[in-house]
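*Asks:* Okay, here's the prediction I keep looking at, along with the sequence it came from:
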Amino acid sequence: MVKCKVREFLNTVLQGDCIVRMRQLPDSCVDAVFADPPYNLQLGAKTLYRPEDQTPARAVRDEWDSFGSSDEYDEFTRQWLAECQRILKPNGAMWAIGSYHNIFKLGAAMQDMGFWILNDIIWVKTNPMPNFRGTRFTNAHETLVWAMPVKTGKYTFNYDTMKKLAGGKQMRSDWCIDICLGNERLKDDAGKSLHSTQKPADLLRRVILSSTKAGDVILDPFFGSGTTGAVAKELGRNFIGIERNAEYVAAATKRINAIQPVDLSGIEVAPKREEIKIAFRELIESHLLYIGQTLVGPKGDRVMITKDAQLSHTLLGKASIHVMAAKIQGSVSFNGWDYWSAEKRDGTLVSIDTIRKYAREIKMGMKKAA
């Protein structure tokens, strides 16, 4: 439930300095923070030109990315991080993004302040801007740090949703996503890009779907063009944005007002730990499997179900569905539900996990009827 003290700020963009505005929020009031702070690029005034047509390339020379010294930037970083740490719930998700210009400073500050880092994610830009001078490698990635404000051992990670997005495999820490271009990029009245560092919605979708739940509150202290708020609304989350530039605030608000929430039933997957538990023995007791039935592995391994709900192998003896699968593959552990298929009397095969899902549906129906 959302605390009343923070309810007045929900789904709004607060104009002003992020540190001052965050100090108005109560302790432990948000579930996640996505921070895209100034990178302190210090590019100077020299114009870069595209080699193919000598047109000027837009670089980040905005006033909000200008700092007097490295020490000044470090102090600014510690101040906004301290406020994020205070307003995050202990089990909340802290996301911060940066480039080689600032990510090492950012990560070091987070560790020094007691944040518990869970992963660093490499956003691989599939269509990066080239290195126009040809003096360095093309900078084709940025780094995201995923952390908790303190080490508690409990946090939200929607593993099964991420696995679905990754085509049935574990989601990796290298995310290949286009930079923000075309119609997605907000334009000013002159038709030019409104914000020099607008992040793609696909990046925020993955961040939000991986580490938050429907109804959670996500704070973005550097709201800019409003991508965090737009995706949060789309995915059934709440947001609080903070942005000091009035033009950005107006554009972000207009953008978010046009967003319609999507149906999440085809996107999010309920964690398996929240599903009704079904033991292998129950499939036998409910006559969905039977003693003496043959189970077959993906490489043709054959075992038989015993009366004590174990699997019997001619060479490996008896073991559970998980241990037997691991033994056959020579691994320490393995999920037997994903490994074995039952051989029916007509010789066809059906996954025991499919049988388990059928048993779970029956059990859920009985529970609702009661």
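*Replies:* Nice, thanks for sending it over.
*Asks:* Okay, now the unreliable bits of the chain?
*Replies:* For the chain, the stretches with pLDDT under 70 are 1-4, 41-66, 272-274, 367-370.
*Asks:* at 50 instead, please
*Replies:* 1-4, 45, 49-50 (pLDDT under 50).
*Asks:* Let me see the ranges of the helices in it.
*Replies:* Remark: helices assigned in the chain by DSSP state H are 4-7, 18-22, 70-87, 103-112, 159-165, 201-211, 227-234, 246-257, 280-285, 321-329, 352-369.
*Asks:* got the contact list for stretch 249-260?
*Replies:* 11, 13, 15, 186, 194, 223-226, 229-230, 233-234, 241, 243 (C-beta atoms under 8 Å, 6 or more residues apart in numbering). The C-beta positions use only the backbone N, C-alpha and C, and glycine is treated the same way.
*Asks:* Report the buried residues of that stretch.
*Replies:* For stretch 249-260, the buried set under the neighbour-count rule, 16 or more other C-beta atoms under 10 Å, comprises V249, A251, A252, T253, R255, I256, I259.
*Asks:* Stretch 314-328 now?
*Replies:* Judged by neighbour count (16+ other C-beta under 10 Å), stretch 314-328 contains these buried residues: A319, I321, H322, V323, M324, A325, A326, K327, I328.
*Asks:* Distance of the closest residue to the third one other than its chain neighbours relative to P261?
*Replies:* In other words, H322. By the measure of C-beta to C-beta, 6 or more residues apart in numbering, the closest residue to H322 outside its immediate chain neighbours is G336, 4.1 Å from it. When distance is defined by C-beta to C-beta, to the nearest Å, G336 is 39 Å away from P261.
*Asks:* Between those two, which is the more surrounded one?
*Replies:* Taking neighbours as other C-beta atoms under 10 Å, G336 and P261 compare with G336 leading, 21 against 12.
*Asks:* okay but the more buried one is in contact with S320, surely?
*Replies:* Yes. At 6.8 Å, G336 and S320 qualify as touching, with contact defined as C-beta atoms under 8 Å.
*Asks:* so what sits against both of the two?
*Replies:* When contacts are counted by C-beta under 8 Å, 6+ apart, G336 and S320 have F280 as shared neighbours.
*Asks:* Does the residue nearest to L118 when sequence neighbours are not counted have any beta-bridge partners, and if so which?
*Replies:* What sits nearest to L118 in space, not counting adjacent residues and going by C-beta to C-beta, 6+ apart, is W146, at 4.9 Å. In this structure, W146 has beta-bridge partners W95, N119, where bridges are defined by DSSP bridges.
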